[in-house]
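J.: generate a structure from the sequence data that follows.
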Amino acid sequence: MPIGANISIITAGAILAFATHVHATGLSIQAVGVVLMLVGIISLALRIGALAKQRELTMQQAYVPNETVLVRPAGTHQQPYGPAGRTGTTADPLPREDSPYPAAGEYGYGDRW
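T.: Numbering: from 1, shown residues only. From the prediction side, this is the model:
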């Protein structure tokens with residue numbers, strides 16, 4: 001359930017629990033409000049925990065490739081992107097000294113990708 005829906009359930013429960021003065025036989029509107037608030041709070045906590053775990057796993061799965069790969073436009077016989085005169089297939093590693101791109105360590109951290 002999205003975070004906004006959880007907050008809506010908590011809000012609806014608070015309204016039922018604290019802002020209504022309806023008396024019904026066999027059903028307590030205030031108790032229904034408290035139950036809705038508890039369900040919303042528990043669901044919100046679980047959702048935030050799942051998002052934190054997902055972010056942690058995504059950060060662990062991110063990696064920087066060790067080799068640069070020569071890339072050629074698909075279906076053409078044009079000069080590959082990269083240093084002039086370099087030949088090979090799209091899967092041939094390009095030597096570090098011939099690559100026009102920075103090495104993995106030269107990017108740094110944060111938004112510099």
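
J.: quickly list the domain ranges of the protein.
T.: The chain breaks down into these domains under automatic domain parsing: 3-61, 66-94.

J.: so for stretch 37-51, what's the average pLDDT?
T.: For stretch 37-51, mean pLDDT is 95.

J.: tell me which residues of it come out buried.
T.: 37, 40, 43, 44 (16 or more other Cβ atoms under 10 Å). Backbone N, C-alpha and C define where each C-beta goes, glycine included.

J.: sorry, back to before: hey, least reliable of the domains of the chain by pLDDT?
T.: The bottom spot among the domains of the chain, by mean pLDDT, belongs to domain 66-94, with a mean of 56.

J.: longest helix anywhere in the protein?
T.: Ranked by residue count and defined by DSSP state H, the top helix of the chain is helix 29-61.

J.: give me the contact list for stretch 31-45.
T.: Outside stretch 31-45, the residues within contact range by Cβ atoms under 8 Å, 6 or more residues apart in numbering are 1, 3, 6-10, 12-18, 20.
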